[in-house]
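J.: Here you go, sequence then predicted model.
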Amino acid sequence: MSRQPHSTRQLMKLGIAQAVLFVVGALIGRGIGLLLGLDAFGTDSNYAPRGIAGLAVIGLGGGAGAQAARAWYVHKYGDPRA
């Protein structure tokens, strides 16, 4: 059973959604980090453990946003790799 490949328009929606939700997730992660006292961009946090933890929270937020966009796409259009 052969499936048609996803159109360029659908794949563009995936790319834009992932980019937008990555940024939104990173901003949410930054906010959560600040609430927890983990300032990744503070002047005294150059390679300090709290600064590195703040960067990790930002990265986790961005990754979660990109994965959320992918889950939305797969739910709506199906897996593009299948």
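T.: Looks like it came in fine.

J.: from here on, contacts and neighbour counts on C-alpha atoms
T.: OK.

J.: Point out the other helices and strands that the helix or strand encompassing residue 14 packs with.
T.: Using DSSP states H and E, residue 14 sits in helix 8-35. Where contact means 3 or more C-alpha pairs under 8 Å, 6 or more residues apart in numbering; DSSP states H and E, helix 8-35 is packed against helix 49-77.

J.: buried set for the helix it packs on?
T.: Residues 50-71, 73 are the ones in helix 49-77 that count as buried (16 or more other C-alpha atoms under 10 Å).

J.: about what we covered before: could you give the separation of the helix holding residue 14 from the chain centroid?
T.: Mean C-alpha position of helix 8-35 versus that of the full chain (C-alpha atoms, centre = their mean, to the nearest Å) differs by 5 Å.

J.: what's the angle from that helix to helix 49-77?
T.: On the basis of axes from the mean of the first three to the mean of the last three C-alpha atoms, to 10 degrees, helix 8-35 is oriented at 150 degrees to helix 49-77.

J.: Need the mean per-residue confidence for helix 8-35.
T.: The pLDDT scores in helix 8-35 average 96.

J.: now residue 82: how far from residue 50?
T.: Distance of residue 82 to residue 50, computed by C-alpha to C-alpha, to the nearest Å: 41 Å.

J.: cool, residue 74 as well?
T.: Relative to residue 50, and taking C-alpha to C-alpha, residue 74 is found at 36 Å.

J.: likewise residue 36?
T.: 10 Å.

J.: Surely residue 14 and residue 67 touch.
T.: No. In this structure, residue 14 is not within contact of residue 67 by C-alpha atoms under 8 Å, at 10.7 Å.

J.: Surely residue 5 touches residue 79?
T.: No. Residue 5 lies out of contact with residue 79 (C-alpha under 8 Å); the separation is 9.9 Å.
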